[in-house]
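A.B. asks: Quick one: sequence plus predicted model below, questions after.
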Amino acid sequence: MSTLTMKQDRQITKRQAQRRENFQQGLILLSLLALLFLTLVPIILMLFFSLKDNGQIYGRFWAAPNPIRFENYPTGYEAMKGYIVNSVTFAGVSVLLVVFLASLSGYVFARLRFPFRETIYLGILALLMIPGVLTLIPSFVLVSQLGIINTPWALILPWTSGGQVFGILLCRTFFATLPQELFDSGRIDGASEIQLYYKIAVPLSWPIIVTVAIMHLVASYNDFIWPLLTISNSDIQVVSVGLTEFTSQYGITDWGPRMAAYTVATVPLLILFMFGMRYYIRGITSGAVKA
């Protein structure tokens, strides 16, 4: 009888523990859904208002668009297409430079042995602790003295140098996890370090390379302060500043085309994540989190 009672008590305890765990999981799920909703609210409102005109927005704020103003999107696209091309072009060139330099530096720090290697690496990592706003004025003075103000290089070169530190961190960490036997066998076959880099390290490291490329492209595409300071020619201006010029051109109260322009400006990043998310997740969850 006592044995049966003990089994029943254990079963009751297990059911209580299961109910407690389910309750906790439910709270976590509800919290995540609430955070997801709050995150999506601005995006939903942006899409909602992009199909309205000013009269509908001010007169029937929460009502559905009636009539639907699809013509806001051609207006927004015509205003933003040049800025989008500039942003994608300048950021793309910077991404190529960052990926090449960061992966090469990461390989050097991960696979080669030389004096003061760790000291130099720690010195590079220390740059992560310097807020970007502190280097804003020195960087502006430097590009001004170089004579590249109001040229694409005023964006490409600072973006490239600014993306090196985090790129080196990710690439060095990932390269360090690759099997040493692959590099030893390559050296036995007579391969140089450059050949080991682009024939072994790079092909095995596409996830972290794509991760670096996506993170740097998003940061460069969304940069606002630096293009605002260094670029005054609207022909080579980028999308983040172009959105504000669109507002001043068509009036600050023209909310429908303005929201449509915001929506159009997000399309390149959506396409980027659509095709690169698989590699991005692999890079973040593998090499980026390994010691």
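C.D. replies: Happy to help now that I have it.
A.B. asks: and Arg113, backbone torsions?
C.D. replies: phi -110, psi 120 (degrees, to the nearest 10).
A.B. asks: any idea how far it is from Glu193?
C.D. replies: Using CB to CB, to the nearest Å, Arg113 is found at 12 Å from Glu193. Using the backbone N, CA and C atoms, a C-beta is placed for each residue, glycine as well.
A.B. asks: okay, those two: which has more neighbours?
C.D. replies: Glu193 (14 against 5; other CB atoms under 10 Å).
A.B. asks: and the nearest residue to that one once chain neighbours are set aside, how many neighbours?
C.D. replies: In space, and not counting its chain neighbours, Glu193 is closest to Leu112: 7.1 Å by CB to CB, 6 or more residues apart in numbering. Close neighbours of Leu112, defined as other CB under 10 Å, add up to 9.
A.B. asks: tell me, how many neighbours does Asn54 end up with?
C.D. replies: 14.
A.B. asks: didn't Val238 look like it was pressed against Pro227?
C.D. replies: Yes. The criterion here is CB atoms under 8 Å, and Val238 meets it with Pro227 at 4.8 Å.
A.B. asks: between those two, what contacts are shared?
C.D. replies: Common neighbours of Val238 and Pro227 (criterion: CB atoms under 8 Å, 6 or more residues apart in numbering): Leu155.
A.B. asks: The two - which one has more neighbours?
C.D. replies: Using other CB under 10 Å, the more surrounded residue of Val238 and Pro227 is Val238, with 28 against 24.
A.B. asks: Sticking with Gly88, tell me its helix or strand.
C.D. replies: If you look again at residue 88, you'll see it is Val, not Gly. Per DSSP states H and E, Val88 falls inside helix 72-111.
A.B. asks: distance of the residue nearest to Glu193 from Phe70?
C.D. replies: 58 Å.
A.B. asks: so who does the spatially closest residue to Gly256 that is not a sequence neighbour touch?
C.D. replies: Closest residue to Gly256 apart from its sequence neighbours, by CB to CB, 6+ apart: Asn72 at 4.4 Å. Residues near Asn72 by CB under 8 Å, 6+ apart: 50-51, 53, 256-257, 259-260.
A.B. asks: What about the residues you listed, which are in helices?
C.D. replies: Cross-referencing these against helices under DSSP state H gives 256-257, 259-260.
A.B. asks: Pick out whichever of these sits closest to Val41.
C.D. replies: Nearest to Val41 among these: Met259, at 13.9 Å, using CB to CB.
A.B. asks: Quick check: the closest one touching Asn54?
C.D. replies: No. Contact criterion CB under 8 Å: Met259 and Asn54 do not qualify, at 11.2 Å.
A.B. asks: Got the domain ranges for this structure?
C.D. replies: 2-40, 72-289 (automatic domain parsing).
A.B. asks: Which of the helices and strands in this structure ranks last by mean pLDDT?
C.D. replies: helix 239-250 (a mean of 72; mean pLDDT, DSSP states H and E).
A.B. asks: burial count for the nearest residue to Trp159 once chain neighbours are set aside?
C.D. replies: Nearest residue to Trp159, sequence neighbours excluded (CB to CB, 6+ apart): Ser94, at 4.1 Å. Counted with other CB under 10 Å, residues neighbouring Ser94 total 24.
A.B. asks: Give the full set of residues in contact with Ser94.
C.D. replies: By CB under 8 Å, 6+ apart, the contact list for Ser94 reads 155-156, 159-160, 163, 216, 220.
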